[in-house]
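J.: Provide a 3D model corresponding to the input given below.
(one chain, ligands or ions: 1)
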Amino acid sequence: MSNADELLRIEGIRKTFPGVVALDGVDFDLRRGEVHVLLGENGAGKSTLIKMLSGAHTPDAGRILVGGEEVRIHGAQDSERLGIATIYQEFNLVPDLTIAENIFLGRQPRRFGMIDRKTMEAEAEVLLARVGVNVSPRARVRELGIARLQMVEIAKALSLDARVLIMDEPTAVLTSEEVEKLFAIVRKLREDGVGIVFITHHLEEIAALGDRVTVIRDGKSVGQVPAVTPEDELVRLMVGRSIDQQYPRERADAGAALLTVEGLTRDGVFHDVSFQVHAGEVVGIAGLVGAGRTEVVRAVFGADPYDKGAVKVAGAEVRRGDVNAAMAAGIGLIPEDRKGQGLVLDASVEENLGLVTLRSATRAGLVDLKGQREAAARIADQLGVRMAGLWQHVRTLSGGNQQKVVIGKWLLADTKVLILDEPTRGIDVGAKVEIYQLINELTAAGAAVLMISSDLPEVLGMSDRVLVMAQGRIAGELAADEATQDAVMALAVSNPTHQKTETEATRGH
Ligand SMILES: Nc1ncnc2c1ncn2[C@@H]1O[C@H](COP(=O)(O)OP(=O)(O)OP(=O)(O)O)[C@@H](O)[C@H]1O
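T.: Model (predicted):
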């Protein structure tokens, strides 16, 4: 490599927040035409590091060099001027503006003092074609799905002629097909000489896309290795120990049916959904995005209404559309959208962990604060929540640690039927195993667990039985030993309106 290939260099960067050393001497460098993966546990400091480059934070110590020159990045404009574009998980787009307006926000081409829409839209169209998005530049951003929003962000970065593109967990919210599309575009950008910083918790993406990996642990860079490094070695670098078993499901004895869902129908959304989950059992629900999985479990939890059917816990019918009734019956839901539905961001870790238990405790007329604190401390420790203390506001936790708090909250609550919707999205590999172990403990204690996940290996690895949904219906059910990726996918793309014949046909193969 010649020096001319070096786009970016970071030396000994340090950053502290009250009570937390987020970065404690990180070194990193990025070359032209490479995908450099940043790998680390939840709270290791990945987001903080990239915020030094986007100008959202300034370092306390250390140096940043761009093209060999030391620079100071004090805000988004500095970053933009240096050719650095960052795509966060929460996109930075204005929903009510068009795609073209978003791409050229604040720097629209002008003609005779007026915004030149024609030129702007024509240029946007070229950029959209480069990222493979076939949609009008006049479409409003509000109308786009997540994958397309991401592509608009990339198009915007291209329009700024970014030489450094930073992507913070871009695949966390994408379907596998969308991931492939994203990879194709990232590879094309790499060929064009762009340097890409890529954060992911999906280890299999590293070899598929990456060139080099920098591993960060506790705010320090602990190693730089080629992307072809075996996964177990990456894990060892990242968590400081090896993980023998990625899916440590220990089957419990299945008891009586705890959750019974009968003919649940919400017109136009899901139809005639029936299944049971027994005490001690983990039932997975697989399916493509849009198959109606989240809608069904929200209805079971009382968060959404339904038109027909019944939900029963231990044989007793639960009032429909009533979350309090569902919770009183012992149903808990860890939602997919955890920030929106699962957390009070300006409350402490302890308060958030106590939210569910507090409710039952105060109903009895008494709050056991000491017990609550001890329980909170125990679960936070078990899940490895990285925080300055139980008093820390959840808003300032890393993304993955916020997830752990929501999950911990429900694990602390005394739920008979726990529903998890995408439980490990954004969670590092070490913490995933801890969550699986807690699921084992729950089922050993007689709880019933219903788990939605788009991560097929996770569904297959942790479920005793797998239900597959397609087009709002249950397309089929597979026992753990017959549930393979192929069998699940065949059902997921089937047309369950003709359920019997289709299911039998696909199973026969
Ligand atoms: N504004 C802030 N105030 C206090 N602490 C903060 C703030 N921002 C980040 N931190 C702390 O800095 C540490 C590093 O967080 P960071 O978000 O960089 O982790 P991460 O590696 O991106 O994790 P994840 O994989 O969970 O996204 C965490 O302990 C976090 O709580």
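
J.: pLDDT at Met300, what is it?
T.: Quick fix: residue 300 reads Val, not Met. You'll see Val300 listed with a pLDDT of 97.

J.: what's the answer for the one 4 residues further on, then?
T.: Per-residue pLDDT puts Asp304 at 93.

J.: What is the burial count for it?
T.: Neighbour count of Asp304, defined by other CB atoms under 10 Å: 17. C-beta: built from backbone N, CA, C; applies to glycine.

J.: and the gap between it and Arg117?
T.: 41 Å (CB to CB, to the nearest Å).

J.: before we move on, what about Arg81?
T.: Taking CB to CB, one finds Arg81 at 26 Å from Arg117.

J.: same check, this time on Ser454
T.: From Ser454 to Arg117 the distance is 39 Å (CB to CB).

J.: Assign a three-state SS to the residue in the chain positioned nearest to the ligand, would you?
T.: Taking CB to the nearest ligand atom as the measure, the chain has Gly400 as its residue closest to the ligand, at 2.7 Å. Classification of Gly400 using DSSP: H, G, I helix; E, B strand; the rest coil returns helix.

J.: correct me, but it touches Val429?
T.: No: using CB atoms under 8 Å, Gly400 is not in contact with Val429; the gap is 10.9 Å.

J.: Can you pick out the residue with more neighbours from these two?
T.: Taking neighbours as other CB under 10 Å, Gly400 and Val429 compare with Gly400 leading, 25 against 19.

J.: In contact with the more buried one, which residues are there?
T.: Contacts for Gly400 (CB atoms under 8 Å, 6 or more residues apart in numbering) come out as Glu41, Asn42, Gly43, His201, Gly426, Ile427, Asp428, Ala431.

J.: Now it: closest residue in space that isn't a chain neighbour?
T.: On the basis of CB to CB, 6 or more residues apart in numbering, the spatially nearest residue to Gly400 that is not a chain neighbour turns out to be Asn42, at 2.7 Å.

J.: which residues touch the one you found?
T.: By CB under 8 Å, 6+ apart, the contact set of Asn42 is Gly384, Arg386, Ser398, Gly399, Gly400, Asn401, Gln403, Lys404, Gly426, Ile427, Asp428, Ala431.

J.: For the stretch 401-509 of the chain, just list every one of the helices.
T.: In the stretch 401-509 of the chain, the helices defined using DSSP state H, counting those that start in this stretch lie at 429-444, 456-462, 485-492, 499-508.

J.: Tell me which other helices or strands the first one touches.
T.: Translated: helix 429-444. helix 231-239, helix 399-412, strand 448-452, helix 456-462 (3 or more CB pairs under 8 Å, 6 or more residues apart in numbering; DSSP states H and E).

J.: quick one on the thing from earlier: quick one: which of the contacts of Asn42 has the most company?
T.: Lys404 (31 neighbours).

J.: I'd say it and Gln382 touch.
T.: No: the criterion here is CB under 8 Å, and Lys404 misses it with Gln382 at 9.5 Å.

J.: Find the residues that touch each one of these two.
T.: By CB under 8 Å, 6+ apart, no residue touches both Lys404 and Gln382.

J.: How many neighbouring residues does Glu177 have?
T.: By the criterion of other CB under 10 Å, Glu177 has 11 neighbours.

J.: In terms of helices and strands, where is it?
T.: Assessed by DSSP states H and E, Glu177 sits inside helix 176-191.

J.: would you say Ala325 is within a helix?
T.: Yes: the assignment for Ala325 (three-state DSSP) places it in a helix.

J.: doesn't Arg319 make contact with it?
T.: Yes: the pair Ala325 / Arg319 is scored as a contact, 4.0 Å apart, by CB under 8 Å.

J.: Can you give me every residue that contacts the closest residue to Ile439 other than its chain neighbours?
T.: Closest residue to Ile439 apart from its sequence neighbours, by CB to CB, 6+ apart: Val449 at 5.7 Å. Going by CB under 8 Å, 6+ apart, Val449 touches Val277, Glu281, Val282, Val283, Val417, Leu418, Ile419, Leu420, Ile439, Leu442, Thr443.

J.: Identify the bridge partners of the third one.
T.: When assigned by DSSP bridges, Val282 has beta-bridge partners Val449.

J.: contacting residues around Thr200?
T.: Listed by CB under 8 Å, 6+ apart, the contact set of Thr200 reads Val37, Leu39, Glu169, Pro170, Thr171, Ala172, Ile206.

J.: Now it: phi and psi?
T.: phi -150, psi 150 (degrees, to the nearest 10).

J.: got it, and Glu6?
T.: Main-chain dihedrals, Glu6, degrees, to the nearest 10: phi -80, psi 120.

J.: before we move on, what about the one 5 residues further on?
T.: Summarising the backbone geometry of Glu11 under the convention degrees, to the nearest 10, its torsions are phi -130, psi 120.

J.: pLDDT score assigned to it?
T.: Glu11 is assigned 96 on the pLDDT scale.

J.: which residues does it contact?
T.: Asp27, Gly62, Arg63, Ile64, Leu65.

J.: make it 6 Å
T.: Asp27, Gly62, Arg63 (CB atoms under 6 Å, 6 or more residues apart in numbering).

J.: helix or strand for the residue lying closest to the second one once chain neighbours are set aside, which one?
T.: So that's Gly62. Leaving aside its chain neighbours, Gly62 sits nearest to Ile13 (3.6 Å; criterion: CB to CB, 6+ apart). Using DSSP H and E, Ile13 maps to strand 6-17.

J.: my guess is Phe183 contacts Ile206, does it?
T.: No: applying CB atoms under 6 Å, one finds Phe183 not in contact with Ile206, separated by 11.8 Å.

J.: More neighbours: which of those two?
T.: The neighbour comparison of Phe183 against Ile206 (other CB under 10 Å) goes to Ile206, with 23 against 16.

J.: Report the mean confidence score over the helix or strand encompassing Asn102.
T.: Using DSSP H and E, Asn102 sits in helix 99-103. If you average the pLDDT over helix 99-103, you get 93.

J.: what's in contact with it?
T.: Under CB under 6 Å, 6+ apart, the answer for helix 99-103 is Leu93, Val94, Met120, Glu121, Ala124, Pro137, Ala139, Val141, Val152, Ala155, Lys156, Ser159.

J.: ditto for stretch 61-76
T.: Leu8, Arg9, Ile10, Glu11, Gly12, Ile13, Arg14, Gly55, Ser79, Leu82.

J.: what's the span of it from first residue to last?
T.: 20 Å (CA to CA, to the nearest Å).

J.: and it, how far from the chain's centre?
T.: In terms of CA atoms, centre = their mean, to the nearest Å, the centre of stretch 61-76 is set 30 Å apart from its chain centre.

J.: Tell me, how many residues neighbour the nearest residue to Gly240 once chain neighbours are set aside?
T.: Using CB to CB, 6+ apart and skipping residues adjacent in sequence, the residue nearest Gly240 is Arg217, 6.4 Å away. Counted with other CB under 10 Å, residues neighbouring Arg217 total 17.
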